[in-house]
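[1] Quick one, structure for this:
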Amino acid sequence: MSSLDKKPTLKAVNAHKKQLTWGDVPAIYHLVSSSLSELDGILSHGFDSAFKQVLDRNNWNLSLLQGYKDNQGSIQVKTKPQIMLRHEFNDMGYELHCYPVINGEKVLTRLVNDKQCPFQHWAPEHMRMLFRINSLVAFSIFTFQSGDEADLALIKYAYFRVNELINILSESFDILAVEDYNIAEFYQEIDRRNGNVLSNDESPNTTAN
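    The predicted model follows:
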């Protein structure tokens, strides 16, 4: 069976997985692949998402950001809103968290019409987690222990896709920091600890914020 391209599409990875398993694809692979399929359409899906909410300039604090509407009616800002991002690994999987920044410090609480907040309305319970890749932690451990080429390719795809979405955010935001392990570094840590990332006192970031 032919190997995958260096940066294959999700469709190609899934097809390769079916070839390798003769169509008997494990449930945990399906969970991760389905999440990535949703992630691929995060900006085009009809339903609302936290990722789309933070990019909605109608909720930006235009007074703070020196915002205005151009001749086409689009909102422009002279100062990009400041945020911090955090890679979060937990029982649910992988999540990308977002925090507004005020005076160099990330905001942990709800704020409404705060003059220093880059958003008019910030609700962390709805807006902090920009997206999730279900079961990625368990799948990464499974891949390290007994995965095949397609499993590893799926993790690489997740890494590249998340990077692309962070790059999209960087076009609109001043990202002051991206905290903790990214997906590639987390997998390398699994390798370094021989798969024992969840039973070690010094385990990678798996604590709630």
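[2] going forward, measure contacts between C-alpha atoms and count neighbours the same way
    Noted.
[3] What segments of the chain are strands?
    Taking DSSP state E as the criterion, the chain contains strands spanning 67-69, 75-77, 82-90, 93-102, 105-106, 111-112, 121-122, 129-134, 174-179.
[4] Ok, which of the ones you listed comes nearest A15?
    Taking C-alpha to C-alpha, strand 129-134 is the member of those nearest to A15, at 19.8 Å.
[5] now the strands of the chain as JSON lines including mean pLDDT?
    Rendered in JSON lines, the data for those read as follows (pLDDT from 0 to 100):
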{"stretch": "strand 67-69", "mean pLDDT": "96"}
{"stretch": "strand 75-77", "mean pLDDT": "98"}
{"stretch": "strand 82-90", "mean pLDDT": "97"}
{"stretch": "strand 93-102", "mean pLDDT": "98"}
{"stretch": "strand 105-106", "mean pLDDT": "96"}
{"stretch": "strand 111-112", "mean pLDDT": "98"}
{"stretch": "strand 121-122", "mean pLDDT": "98"}
{"stretch": "strand 129-134", "mean pLDDT": "97"}
{"stretch": "strand 174-179", "mean pLDDT": "98"}
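[6] Can you tell me which of those strands is nearest to N194?
    Distances from N194 to each of the strands of the chain were compared using C-alpha to C-alpha; the shortest belongs to strand 82-90, at 17.6 Å.
[7] Alright, I will stop here.
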